[in-house]
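Chemist: can't give you the sequence, but here's the structure:
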């Protein structure tokens with residue numbers, strides 16, 4: 001079977017995905033726990049309050065969407081998918097031979113994080129319906145969340161960490 005261009009560039013076929021050892025499993029659990037905790041920390045901070053709040057966590061955004069005060073948008077869907085992938089990885093890490101599944105989830109999550117909608121200030125301003133001149137700062141959660149899945153993907157292929 002011939003190798004595709006992605007396999008040639010990344011050397012994926014040469015790197016064997018070995019089952020997680022104790023050390024890589026611990027690193028992955030810590031990484032996913034960090035990602036889950038970002039759900040409660042501010043994603044965005046606005047210069048002036050929006051809907052009565054200047055600091056918005058994923059929990060606040062989810063509550064406002066459920067209450068009907070905010071509509072679902074690409075930004076919310078991507079954030080929701082990323083947060084849905086985190087407990088999926090935590091559950092998968094419980095099983096012994098889940099390394100391929102975890103690598104697939106990490107690849108999907110990495111693709112979501114490079115989406116222009118996650119890091120686009122224009123998209124966020126449209127979602128919250130605030131003036132274009134308003135200032136938006138990334139909160140601690142938005143500074144950490146985009147790097148969780150790429151770090152997990154890197155962890156999946158770094159077999160030397162278990163030595």
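Modeler: Perfect, thanks for sending it. Model, not experiment: these values are computed from the prediction.
Chemist: alpha carbons only for contacts and neighbour counts from here, please
Modeler: OK.
Chemist: Now stretch 153-163: buried residues?
Modeler: 153, 155, 156, 157, 158, 159 (16 or more other Cα atoms under 10 Å).
Chemist: swap that for stretch 78-89, please
Modeler: Residues of stretch 78-89 classed as buried: 78, 79, 82, 83, 85, 86, 89 (neighbour count, 16+ other Cα under 10 Å).
Chemist: next one: stretch 43-50
Modeler: 43, 44, 45, 46.
Chemist: so the third one makes contact with residue 141?
Modeler: No. Look at residue 45 against residue 141 with Cα atoms under 8 Å: they stay out of range, at 10.7 Å.
Chemist: List of residues touching the lengthiest strand in the chain?
Modeler: Using DSSP state E, we find that the single longest strand of the chain is strand 42-50. The contact list for strand 42-50 (Cα atoms under 8 Å, 6 or more residues apart in numbering) reads 54-58, 128, 130, 134-142.
Chemist: Narrow those residues to those that are buried.
Modeler: Among those, those scoring as buried are 55, 56, 57, 58, 130, 136, 138, 139, 141, 142 (criterion: 16+ other Cα under 10 Å).
Chemist: ok, of those residues, which one's closest to residue 110?
Modeler: Distance to residue 110, by Cα to Cα, is smallest for residue 142 among the buried ones among the contacts of strand 42-50, at 14.3 Å.
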